[in-house]
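> Sequence and computational prediction follow.
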Amino acid sequence: MISIVVPTLGRPSVAALLDALTGQVGELPDVEILLVDDRRDDTGELAVPGALTAYTKVLTGRGAGPAAARNLGWRAARAPWVVFLDDDVVPAPDWCRRLRDDLAVPATVGGVQGRVEVPPPAGRRPTDWERGTAGLAEGAWITADMAYRRAALVAVGGFDERFPRAYREDAELAHRVRLTGWELVRGRRRVAHPVRPEDRWVSLRTQRGNADDALLRRLYGRRWRSDLGLPPGRRPRHVAVTAAGALALAGAALGARLRPGTPARRALRLATGTAALAWAAGTAELARARIAPGPRTADEVATMLVTSALIPPVAVVHWVRGWWRTRRVPAGAVVAADRPGARS
């Protein structure tokens, strides 16, 4: 038996996912689909295709984020294998057949990841947002399509619900699963992950994930990125650029109060100018790194210039917010089997 868990906010994309499963779910032996409705508002029942109603059970989440929704799903699951799918992926026509093959693994394997394919834009270079989504294709153990043995989930207590977003919670779970001795491998089944439309400010909203990075730093120490197999980030540069900008603004404000021509004002102007140059150089480097591989349209360039000036301070603010929120979390206080869920 196989349990498929799909947490959803009721986005239109979930209909495409369910439609893709409709014609092939019968290829799986004794399958169940657990659709976790994690909407915070009561906007009616989720629509389930008629061909799937015999397989599907809708669970009501509490709107606490994907980690909590997935925990609700797998704890209600009856199968020894639990497959997590995001509600914005589209399984390939042979997904069920390949899933069955993927799960025929040795008993030492606790999880099998599917392959995520992000369709590129036609006839142009991808935007900054599209490149970020395309990075999912290289992500390790992401729950866009990830199967775990239920025994492995029980052994580690499931997802850490202190992660309120779809960010890092899957990598953190995979790390704990491997620490308990399970192996994780990649399978051959495929899902497509279309790029959802977003406005020009999406790069600022994604900086909220820095608060979750602060929690990982608290749980796993300074080496959390390498321990979890995550790529290096830009936080040191964001901190430096933000500090330079703050010093330049503070220097300009203070200089306006000093008498012209005094040695103190000249020294302050020099320091302020140096800080301003450092801020401009750091901002230009970030903008160039984001503009160069993109379509370079006027709209995209304008968006990159504005958001590249805002991203460093926004990222630092969210990191500090996360540090403050988790300051009383005991170092190393990860979720464990004897205390399921998570505690703030």
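Nice, I can see it.
> Would you mind naming the residues that bridge with the nearest residue to Leu85 once chain neighbours are set aside?
Nearest residue to Leu85 in three dimensions, chain neighbours excluded: Val6, at 5.0 Å (CB to CB, 6 or more residues apart in numbering). Where C-beta positions appear, they are placed from N, C-alpha and C, glycine not excepted. In this entry, Val6 is beta-bridged to Leu35, by DSSP bridges.
> Surely Val6 and Glu32 touch.
No - assessed by CB atoms under 8 Å, Val6 is found out of contact with Glu32, at 11.4 Å.
> These two: who's more crowded?
Between Val6 and Glu32, counted using other CB atoms under 10 Å, the more crowded position is Val6 (24 against 19).
> Could you break the chain into its assigned domains?
2-198, 199-344 (automatic domain parsing).
> Ends of the longest one, what's the gap?
It stands for domain 2-198. End-to-end distance of domain 2-198 (CA to CA, to the nearest Å): 34 Å.
> what residues are up against the residue nearest to Leu85?
Val14, Leu17, Ile33, Leu34, Leu35, Val36, Gly73, Phe84, Leu85, Asp86, Asp87 (CB atoms under 8 Å, 6 or more residues apart in numbering).
> again with Ala92
Ala20, Arg98, Arg189, Arg190, Val191, Ala192.
> go again using 6 Å as the cut-off
Arg190 (CB atoms under 6 Å, 6 or more residues apart in numbering).
> For Glu117, give me the backbone phi and psi.
Taking degrees, to the nearest 10, you get phi -120, psi 130 for the backbone angles of Glu117.
> I'd assumed Ala192 was in contact with it.
Yes - between Glu117 and Ala192 a contact is recorded at 5.3 Å, counting by CB atoms under 6 Å.
> Which residue ranges of the stretch 1-150 of the chain form helices?
13-22, 66-76, 95-102, 128-134, 150-156 (DSSP state H, counting those that start in this stretch).
> closest one to Val177 among the ones you listed?
helix 150-156 (5.2 Å; CB to CB).
> on contacts alone, who are the packing partners of the closest one?
helix 169-179 (3 or more CB pairs under 6 Å, 6 or more residues apart in numbering; DSSP states H and E).
> The helix it packs on to helix 66-76, inter-axis angle?
Computed by axes from the mean of the first three to the mean of the last three CA atoms, to 10 degrees, the angle separating helix 169-179 from helix 66-76 equals 50 degrees.
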